[in-house]
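Peer 1: Please find the sequence and the predicted model below.
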Amino acid sequence: MHRSKATRGLVCTSDVHTVNGAIGERTDQTLGHEAVGVIHRLGRQVNGVKEGDRVAVNAITPCYKCENCLRGFTSQCTQMLGGWKFANVRDGVFAPYFFVNDATANLAPIPDSVPDEAAVYTCDMMSTGIMGAEHADIPVGGTVAVFAQGPVGLMATAGARLLGAGLVVAVESVPKRQELARHYGADEVVDYTERDPVEAILELTGGQGADASIEALGAQETFEACVKATRPGGVISNIGYHGKGEYVKIPRAEWGVGMSDKTIRTGLCPGGRVRMERLLRLIENGRVDPTPMTTHRFGFDEIEKAFHMMETKEDGIIKPLITFE
Ligand SMILES: [Zn+2]
Ligand SMILES: [Zn+2]
């Protein structure tokens, strides 16, 4: 039985969705899926790490044995979205100690030079955001629009830059988020409250539309805008959590009545040790510093306040960092 002692955690908007019933009824379940810690007790069959090691574990902890894992779709472990186990099918990480399944495949040692409060961003924000850019198949020098600059969108912006985009357009209205979008590599920031973002993106790309659009909000309006803002042959990379309604609708004309060569990609935060090691390497070598996204800090005993603020998004909150001791 492997257990980690939590040191730092982050409250996610998904946690708020869970509290509000987005994944169905849950009772007596510990919340949270973003935390790093120290190995407290190690199962006898776990290799590669030892008790006392500082480790990061992704929000998604696949088994690496089932059919979907073996087919390469580890986030869909056993069933659709099944790699998401913390605070979904078992207790999450907002506790002094938490259990990590299939620990050999899921625990990544944190490099000495990477502080816990930076490493904790690899659990979801960096993995999901950068996946958005990876799925977008951005040509070197290509154009990318990123809709919404919450923490996941900001990491998609950073990912687009890392992958060689020639123009990154961020769509966002909140000043602090606009500022961070520029910090993480957006060349242009479009405020959708001031002008139609699709029009702006078309204008910025010489009327062509972007090579790829990344949906980082999870709303009908932004999804539609992504389809409209993407040129034929481009990719709409969805990383937003579409938690409401029965359907997500596709605008028919801009989809080329189903024949536009536009690709809609979906995905869920890639987990596993190797993914975590790669993300930690980005921090270790200064490619990405996620810590400017920490706008608020709370002790574990104040975590309810952090949840409330993530729901209301008051005081310009982007990410609240939780300290466990
Ligand atoms: Zn999360
Ligand atoms: Zn599996």
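Peer 2: Arrived safely, thanks for sending. Residues are numbered from 1 along each chain as shown. Ligands and ions are numbered 1, 2, ... in the order given.
Peer 1: Every contact and neighbour count from this point should use C-alpha atoms.
Peer 2: Will do.
Peer 1: Can you tell me the closest non-neighbouring residue to the residue of the stretch 51-200 of the chain at minimum distance from ligand 2?
Peer 2: When scored by C-alpha to the ion, the stretch 51-200 of the chain has residue 77 as its residue closest to ligand 2, at 3.5 Å. Once flanking residues are discounted, residue 77 sits nearest to residue 83: 4.6 Å by C-alpha to C-alpha, 6 or more residues apart in numbering.
Peer 1: tell me the contacts of the one you found?
Peer 2: By C-alpha atoms under 8 Å, 6 or more residues apart in numbering, the contact list for residue 83 reads 60, 61, 62, 63, 74, 75, 76, 77.
Peer 1: How much space separates the spatially most central residue of the chain from residue 67?
Peer 2: With distances taken as C-alpha atoms, centre = their mean, residue 128 lies nearest the centre of the chain, 2.9 Å away. Per C-alpha to C-alpha, to the nearest Å, residue 128 is found 23 Å from residue 67.
Peer 1: ok, now residue 143?
Peer 2: Applying C-alpha to C-alpha, the value for residue 143 to residue 67 is 36 Å.
Peer 1: so how far is residue 216 from the residue nearest to residue 77?
Peer 2: For residue 83, the distance to residue 216 (C-alpha to C-alpha) stands at 20 Å.
Peer 1: With distance to residue 20 and pLDDT added, can I get the contacts of residue 83 in TSV?
Peer 2: As requested, the contacts of residue 83 are exported to TSV (distance: C-alpha to C-alpha, whole Å; pLDDT from 0 to 100):
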residue	distance to residue 20	pLDDT
60	21	98
61	23	98
62	25	98
63	28	98
74	27	98
75	23	98
76	23	98
77	25	98
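Peer 1: Export the residues you listed as JSON lines, with columns for neighbour count and secondary structure.
Peer 2: Shown next, in JSON lines, are the contacts of residue 83 (neighbours: other C-alpha atoms under 10 Å; DSSP: H, G, I helix; E, B strand; the rest coil):
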{"residue": "60", "neighbour count": "27", "secondary structure": "strand"}
{"residue": "61", "neighbour count": "27", "secondary structure": "coil"}
{"residue": "62", "neighbour count": "28", "secondary structure": "coil"}
{"residue": "63", "neighbour count": "21", "secondary structure": "coil"}
{"residue": "74", "neighbour count": "29", "secondary structure": "helix"}
{"residue": "75", "neighbour count": "26", "secondary structure": "helix"}
{"residue": "76", "neighbour count": "22", "secondary structure": "helix"}
{"residue": "77", "neighbour count": "25", "secondary structure": "coil"}
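Peer 1: What strand or helix carries the residue in the chain sticking out farthest from the centre?
Peer 2: Farthest-out residue of the chain from its mean C-alpha position, per C-alpha atoms, centre = their mean: residue 44, at 31.9 Å. If you go by DSSP states H and E, residue 44 is not part of any helix or strand.
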